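>>> just coords:
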């Protein structure tokens, strides 16, 4: 159990250290910066929250920049800090979304804004309940990876929400994601489901759906960027993490997936993936 | 690069065998590198202990059916690639 506290609001001071790692979005925006501290780490989400992680106990304190960001601190703790700490402690969390299908759970990995959540939403809309968004926590048990269900909401841009649920009336900002609760229209699966396939979304936008199986060694290289790592300088931990991902790549059927980012194509993509008749690992 | 050059694996390199082939990761740069069957065998030989490229060529020649000239050319090219990726280093002792 990770100890977590949200502290009172605090402005983000200029840090004297250079970040040892960064999360950068496709448009170049820095999403997070990782800094070393005397007794641990500071993870900064610029303009939102600073997280201080104590190295020994992994206790986390969040310092939102203002009261409005207190809720964001809770969300970031759940969706970014917790998976980092899970992996740091020998677990396996990946950045992506997952749904439950006939043969088991299907996971979608990809960089931010590559369409993972909309695709998971489309599966839910067409009868395959969604399991998790943003973070896929995997537990190896009884010779299988089990995808853990997380949260019963999806964070979507307005156009995706309109497609999945019908026109949205009360949308605050058209250019920002908003949380959509699961419902009969977007069902949620409440139980852990054994993983049967992993789809790694590319950033191409082809005219046709492109789906290809990946050899485990190719899969390992492609999965690595979608895992969460706290300390890129802790070589022993990195080696263990690499080894766990190697096991994962060998045990799961992995595919590369590119598709036209058009809502009219999503049902076809769902059908095509479901027809693969994936088997539980 | 000469065939008598002796190489060792870098401290920043980590390898993982996946389905019979090696995937290498440079922990410093975060770049990864996949090796085919022969490349994987070369990596194993270097990983055992620092070794000259000519010795690696001898070993590969005894294990795989290929002309010596081709083996030498491929091993030199592979060593150049691995070295430029920071995965192996020249042994100077």
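Noted; the coordinates are in hand. Computed from a prediction, not measured in an experiment: that's the story for all the values here. Numbers count the residues shown, from 1 in each chain, chains lettered A, B, ... in the order given.
>>> going by C-alpha atoms from here, please, whenever you check contacts or count neighbours.
Fine.
>>> identify the residues contacting residue 11.
Unless you meant another one, I'm taking chain A. Taking C-alpha atoms under 8 Å, 6 or more residues apart in numbering or on different chains, we find residue A:11 in contact with A:64, A:65, A:66.
>>> ah, no, chain B please
By C-alpha under 8 Å, 6+ apart, residue B:11 has no neighbours at all.
>>> hang on, the earlier thing: so of the contacts of residue A:11, which ones are in strands?
residue A:64 (DSSP state E).
>>> so which of the contacts of residue A:11 also contact chain B?
Filtering the contacts of residue A:11 for proximity to chain B by C-alpha under 8 Å from any C-alpha of the partner chain leaves nothing.
>>> quick check, the residue in chain B closest to chain A?
Among the residues of chain B, residue B:18 lies closest to chain A, at 5.5 Å counting by C-alpha to the nearest C-alpha.
>>> residue A:262 and residue B:30, how far apart?
Distance, residue A:262 to residue B:30, by C-alpha to C-alpha, to the nearest Å: 33 Å.
>>> ok, the two, which is more surrounded?
residue B:30 (13 against 9; other C-alpha atoms under 10 Å in any protein chain shown).
>>> and the helices in the stretch 51-200 of chain A?
Taking DSSP state H, counting those that start in this stretch as the criterion, the stretch 51-200 of chain A carries its helices at A:70-76, A:82-88, A:116-125, A:158-165.
>>> a markdown table for those, including mean neighbour count, mean pLDDT and distance to residue A:234?
Listed next are these as a markdown table, based on neighbours: other C-alpha atoms under 10 Å in any protein chain shown; pLDDT from 0 to 100; distance: least, C-alpha to C-alpha, whole Å:
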| stretch | mean neighbour count | mean pLDDT | distance to residue A:234 |
| --- | --- | --- | --- |
| helix A:70-76 | 17 | 91 | 23 |
| helix A:82-88 | 21 | 92 | 10 |
| helix A:116-125 | 26 | 88 | 30 |
| helix A:158-165 | 18 | 78 | 39 |
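>>> now those in CSV, with distance to chain B?
Converted to CSV, the helices of the stretch 51-200 of chain A look like this (distance: least, C-alpha to the nearest C-alpha, whole Å):
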stretch, distance to chain B
helix A:70-76, 24
helix A:82-88, 15
helix A:116-125, 24
helix A:158-165, 33
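>>> out of these, nearest to residue A:151?
Taking C-alpha to C-alpha, helix A:70-76 is the member of those nearest to residue A:151, at 10.8 Å.
>>> which helices and strands does that closest one pack with?
When contacts are defined as 3 or more C-alpha pairs under 8 Å, 6 or more residues apart in numbering or on different chains; DSSP states H and E, helix A:70-76 packs onto strand A:4-6, strand A:60-64.
>>> from the middle of its chain, how far away would the helix or strand of chain B with the lowest mean pLDDT be?
The weakest-scoring helix or strand in chain B, judged by mean pLDDT, DSSP states H and E, is strand B:32-34 (a mean of 87). Relative to the chain's own centre, strand B:32-34 is displaced by 12 Å; criterion: C-alpha atoms, centre = their mean, to the nearest Å.
>>> which other helices and strands contact that strand?
helix A:216-223, strand B:21-26.
>>> now the first one and strand B:21-26, what's the angle there?
Interaxial angle of helix A:216-223 relative to strand B:21-26 (axes from the mean of the first three to the mean of the last three C-alpha atoms, to 10 degrees): 30 degrees.
>>> tell me where the chain is predicted with low confidence.
This is for chain A. For chain A, residues meeting the criterion pLDDT under 70 lie at A:152, A:277-281.
>>> think we crossed wires, I meant chain B
In chain B, residues with pLDDT under 70: B:93.
>>> quick check: residues of it near chain A?
B:12, B:14, B:16-19, B:21-23, B:27-28, B:32, B:34.
>>> scan chain B for its longest helix.
Identified as the longest helix of chain B according to DSSP state H is helix B:68-84.
>>> list the buried residues for that helix?
Using 16 or more other C-alpha atoms under 10 Å in any protein chain shown as the burial criterion, the residues of helix B:68-84 that qualify are B:71, B:72, B:75, B:76, B:78, B:79, B:82, B:83.
>>> got it, and stretch A:264-279?
A:266, A:269, A:270, A:273, A:274, A:278.
>>> any chance you could list what contacts that stretch?
A:101, A:103, A:104, A:119, A:122, A:123, A:126, A:196, A:197, A:209, A:259.
>>> which among those gets closest to residue B:53?
Nearest to residue B:53 among the contacts of stretch A:264-279 is residue A:197, at 41.2 Å by C-alpha to C-alpha.
>>> tell me the bridge partners for that closest one.
Here residue A:197 shows beta-bridge partners residue A:106, assigned using DSSP bridges.
>>> same check on residue B:25?
Under the criterion used (DSSP bridges), residue B:25 bridges to residue B:14, residue B:32.
>>> that older thread, and the least confident helix or strand of chain B, what's buried?
Across strand B:32-34, burial judged by 16+ other C-alpha under 10 Å covers B:32, B:33, B:34.
>>> cool, thanks, signing off.
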